[in-house]
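>>> Provided below for reference: sequence and predicted model.
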Amino acid sequence: MDRKYVYKLSAIIFGLSGLIFILGVLIPIVKYEVVSRQKYPVLISPVKTTLGGVLGWELKDSTQIGNWFENKEYLYSDVNNLSYTLSIPILNIKDAKVIFGGQDIKKSIIHFPGTALPGKVGNSVIFGHSVLPIFYNPSDYKTIFSKLPTLKEGDIIEINFDQIYFRYAIVSMFEVYPEDIQILEQEASNSYLTLVTCVPPGDPRMPRRLIVRAKIIPFN
């Protein structure tokens with residue numbers, strides 16, 4: 001076979017492979033953007049945002065929870081190694097470890113220090129990592145929240161805190177910008193659970209946050 005032909009064929013194959021890879025990354029992100037603009041037509045943003053924060057041009061290590069905030073310092077506070085587990089049956093997430101005040105979300109889900117403990121009056125805020133949905137693995141903390149956008153109101157989130165079980169039903173879902181830290185505010189009326197992840201899943205710019213808010217279901 002002619003060597004030039006082989007080189008040309010190899011170049012075409014590598015070029016097509018690269019194009020397929022790029023499309024495989026971009027298509028899910030673009031698809032999410034289209035769907036999210038319909039699902040969340042008004043981006044909740046009571047705080048004035050900056051252009052850099054909105055567009056997220058600066059790429060950060062999204063596996064370190066301290067890089068998730070624009071206007072708030074994250075203080076690592078692994079208090080007494082406090083942890084509990086979280087399950088989302090519809091996403092096949094079972095007994096995922098949640099660490100209070102942890103830092104590395106490759107190793108666990110993180111409970112933001114200063115927010116309410118599960119079952120208590122207030123707002124328990126939990127952060128988890130997401131990647132492209134095709135890599136979703138419910139037992140891998142680097143991908144564990146990748147399918148959070150598929151949840152809907154009424155879906156159940158389960159918490160096992162020190163052998164006490166709590167069930168929460170999703171009441172709302174919305175998006176915020178990274179500098180909007182109102183999601184950490186506490187509730188005085190009931191016990192709420194807030195799940196947070198970066199969206200679109202797999203976008204390294206981390207331009208927005210998806211917020212899944214759930215309310216405790218009273219024991220019968």
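On my side now, so go ahead.

>>> in the chain, which strand is the longest?
strand 164-176 (DSSP state E).

>>> would you mark the buried spots in it?
Phe166, Tyr168, Ile170, Met173, Glu175, Val176 (16 or more other CB atoms under 10 Å). Just so you know, the C-beta spots here come from the backbone N, C-alpha and C atoms, and that holds for glycine as well.

>>> go on, stretch 111-122?
His111, Phe112, Pro113, Thr115, Ala116, Pro118, Gly119, Gly122.

>>> quick one: which of these is nearest Pro207?
Phe112 (20.2 Å; CB to CB).

>>> what about that closest one, distance to Thr194?
Going from Phe112 to Thr194 by CB to CB, to the nearest Å gives 9 Å.

>>> re earlier: can you add pLDDT and distance to Met206 and give the buried residues of strand 164-176 back as JSON lines?
Formatted as JSON lines, these follow (pLDDT from 0 to 100; distance: CB to CB, whole Å):
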{"residue": "Phe166", "pLDDT": "97", "distance to Met206": "29"}
{"residue": "Tyr168", "pLDDT": "98", "distance to Met206": "25"}
{"residue": "Ile170", "pLDDT": "98", "distance to Met206": "23"}
{"residue": "Met173", "pLDDT": "94", "distance to Met206": "18"}
{"residue": "Glu175", "pLDDT": "90", "distance to Met206": "12"}
{"residue": "Val176", "pLDDT": "90", "distance to Met206": "12"}
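
>>> on that earlier part again, out of the buried residues of stretch 111-122, which sit inside strands?
Using DSSP E, those in strands are His111, Gly122.

>>> can you add distance to Leu91 and pLDDT and give the buried residues of stretch 111-122 back as CSV?
Listed next are the buried residues of stretch 111-122 as CSV, based on distance: CB to CB, whole Å; pLDDT from 0 to 100:
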residue, distance to Leu91, pLDDT
His111, 19, 94
Phe112, 21, 89
Pro113, 25, 88
Thr115, 22, 92
Ala116, 23, 93
Pro118, 18, 94
Gly119, 22, 93
Gly122, 25, 95
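
>>> list the contacts of the longest strand of the chain.
With contacts defined as CB atoms under 8 Å, 6 or more residues apart in numbering, strand 164-176 is touched by 36, 39-40, 43-45, 118-119, 151-159, 182-183, 191-193, 199, 208-217.

>>> which intervals of this structure have sub-threshold pLDDT?
Applying pLDDT under 70 to the chain flags the ranges 1-63, 66-81, 220.

>>> contacting residues for Gly119?
With CB under 8 Å, 6+ apart, Gly119 has these contacts: Ile159, Phe161, Ile164, Phe166, Ser191, Ile216.

>>> and those as JSON lines, adding distance to Ser139?
Below are these laid out as JSON lines (distance: CB to CB, whole Å):
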{"residue": "Ile159", "distance to Ser139": "18"}
{"residue": "Phe161", "distance to Ser139": "20"}
{"residue": "Ile164", "distance to Ser139": "24"}
{"residue": "Phe166", "distance to Ser139": "22"}
{"residue": "Ser191", "distance to Ser139": "27"}
{"residue": "Ile216", "distance to Ser139": "26"}
